[in-house]
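Peer 1: here is a sequence with its predicted model. Questions after.
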Amino acid sequence: MAFIKPTEQTPKPGPTPFRSASPGQTWDFSNCAIIVAHPDDEILWAGGLMLLHAECRWTVIALCRKSDPDRAPKFAKVMEYLGAKGIMGDLDDSPEQTPLSEKEVRKEIQSLLPLDRFDLVITHSRWGEYTRNLRHEETSRAVLSLHNTKELSAKHIWMFAYEDGGGKYLPKPVRDSDVKVWLTDKIWEEKHKIITDIYGFGPDSFEAKCCPKQEAFWSFGGK
């Protein structure tokens, strides 16, 4: 298991470029992508990592809500704040969660994905992060499928590693996950402010209450 524990630094306007400071732990990625179902997933599950490594070239693909007049402009503001490239799709995201075929999700990802070779691609867990959102699970399966068929070029694939005990509690990092990222109070506060001040989730919302102070990932070798 790899541990990343950032050092405390004085925050600057905009995202603070914190750095990893754990013995033996290096960060060898410069071109990174996060592929998620919804705008806000990238911040909830990996926002601290993005703030830790603001020097990286980040691309965030959200497969749903491009036509959402509320969420889409907020996603654009978050990307501007982070200095990241944001790309949105418009897969069905109705409350009924009508299942989507892997072919449909793969096609959407391929239509949005830049023709880059990424050092690192991060996406949802195959089991999701909480009970239960089908779009998270479908996104993960499609990303892994594209990677296995070499239609997604990445040296490494990471998946979010969280669980909620079948809905018994808020999502928390999986204990035996491959990578855990420890957030300082300052960087977590910055992450939390993105959720509440830019995305606009209220203090009693699931997103604001969940917002993990430790981020966790499963790690897979790339091809």
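Peer 2: Thanks, I have the structure now. Residues are numbered from 1 along each chain as shown.
Peer 1: so what's the most centrally placed residue in the chain up against?
Peer 2: The centroid of the chain falls nearest to Glu42 when counting by CA atoms, centre = their mean (3.1 Å). Each residue near Glu42 by CB atoms under 8 Å, 6 or more residues apart in numbering is listed here: 34, 36, 50, 60, 62, 78. No exception for glycine: its C-beta is placed from N, CA and C like everyone else's.
Peer 1: max pairwise distance over the residues you listed: which two?
Peer 2: With CB to CB as the measure, no two of the contacts of Glu42 lie farther apart than Met50 and Ala62, at 13.8 Å.
Peer 1: show me which of those two is the more surrounded one.
Peer 2: A count of neighbours by other CB atoms under 10 Å puts Ala62 above the other of Met50 and Ala62, at 27 against 24.
Peer 1: what pairs with the helix or strand harbouring that one, parallel or antiparallel?
Peer 2: Element membership for Ala62, per DSSP states H and E: strand 57-64. Strand pairing for strand 57-64, using DSSP bridges, gives strand 31-36 (parallel), strand 85-91 (parallel).
Peer 1: winner for burial among those?
Peer 2: Greatest average neighbour count among the strands paired with strand 57-64 goes to strand 31-36 (a mean of 24), per mean count of other CB atoms under 10 Å.
Peer 1: hmm, who's touching that strand?
Peer 2: Contact partners of strand 31-36, identified using CB under 8 Å, 6+ apart, comprise 42, 45-46, 50, 53, 56-63, 109, 113, 116-124, 136, 139, 143, 154.
Peer 1: I'd like the next helix or strand past the longest helix along the chain.
Peer 2: Counting residues, the longest helix in the chain under DSSP state H turns out to be helix 134-148. Following helix 134-148 in sequence order, the next helix or strand is strand 154-160 (DSSP H and E).
Peer 1: that older thread, adding distance to Lys103 and mean pLDDT, write the strands paired with strand 57-64 out as a markdown table.
Peer 2: As requested, those are exported to a markdown table (distance: least, CB to CB, whole Å; pLDDT from 0 to 100):
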| stretch | distance to Lys103 | mean pLDDT |
| --- | --- | --- |
| strand 31-36 | 16 | 98 |
| strand 85-91 | 12 | 98 |
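Peer 1: before we move on, back to that, can you put the contacts of Glu42 in CSV and add distance to Pro171?
Peer 2: Supplementary listing: the contacts of Glu42 in CSV, determined by distance: CB to CB, whole Å:
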residue, distance to Pro171
Ile34, 17
Val36, 14
Met50, 18
Val60, 20
Ala62, 19
Val78, 20
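Peer 1: of the residues you listed, which is the nearest to Ser177?
Peer 2: Taking the contacts of Glu42 together and measuring to Ser177 by CB to CB, the closest member is Ile34, at 16.8 Å.
Peer 1: for Asp176, see how far away that closest one is.
Peer 2: 23 Å (CB to CB, to the nearest Å).
Peer 1: over to Trp27?
Peer 2: Separation of Trp27 from Asp176 (CB to CB): 22 Å.
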